[in-house]
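1. fold the following, please.
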Amino acid sequence: MAETNSPLLIKRYASRRLYNTETSDYVTLDDIAAFIRDGREVQIVDLKTGDDLTRQYLLQIIAEHESRGENMLPVNVLNDLVRSYTNQASSIVPQFLAESFEMLREGQSKMVENISTINPMAAMQAQQEAFMKAMTGGMGNWPGSTNPASDGQTEEKESEPEEALDDIKKQLAELQAKLSKLS
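-> Have a look, this model is predicted:
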């Protein structure tokens, strides 16, 4: 198989069929979209003229997704794009869009990195235990819970539900802050 750093060459025949030069088979726009989602760059060229048709086909893929109700581009953004073709801003729009998407990719990478460093099961278990303590006032018959009357620390246990609830609120706020930073 060819090196994945080089673009996947797709040739368009006169019949408008698209031919994958690596696998020697015909592909659809959905196949091309899947290659791109998998991180592969593609280049689509007209077999007869050699013209690069990549932009045209990528726009067609986007239009098909939008027409199926997979609305990712708000109408006001589409309006702004149309306007940018008719004014002096057209020279800065491509650079702005490229940098915006680069920031988005970096944010997504950081989010995946942060999620992979967190042990989700341990965090969920700790939150569940704190929640159960808060709900039962620290006196429930839940696994892992203790009865405050049995250990002689009744006054200390009364503040634990509030502390546990505060801990849950703090953890939730931290997670929300991390998510808002990433989006």
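
2. ok, residue 46 to residue 121 distance?
-> Going from residue 46 to residue 121 by CB to CB, to the nearest Å gives 53 Å. For glycine as for every other residue, the C-beta is placed from the backbone atoms N, C-alpha and C.

3. tell me the helix or strand right after the helix or strand containing residue 31.
-> Using DSSP states H and E, residue 31 falls within helix 29-37. Once the chain leaves helix 29-37, the next helix or strand it forms, by DSSP H and E, is strand 42-46.

4. any regions of the chain where pLDDT drops low?
-> Residues of the chain meeting the criterion pLDDT under 70: 1-4, 88-90, 116-120, 123, 131-132, 134-161, 183.

5. so which residue is smack in the middle of it?
-> Taking CA atoms, centre = their mean, the centroid of the chain lies closest to residue 108, which sits 5.9 Å from it.

6. now that one: closest residue in space, sequence neighbours ignored.
-> Excluding the flanking residues, the one nearest residue 108 by CB to CB, 6 or more residues apart in numbering is residue 182, at 7.1 Å.

7. go on, residue 60?
-> That would be residue 29: by CB to CB, 6+ apart, it lies 6.4 Å from residue 60.

8. for residue 63, see how far away that neighbour is.
-> Distance from residue 29 to residue 63, counting by CB to CB: 10 Å.
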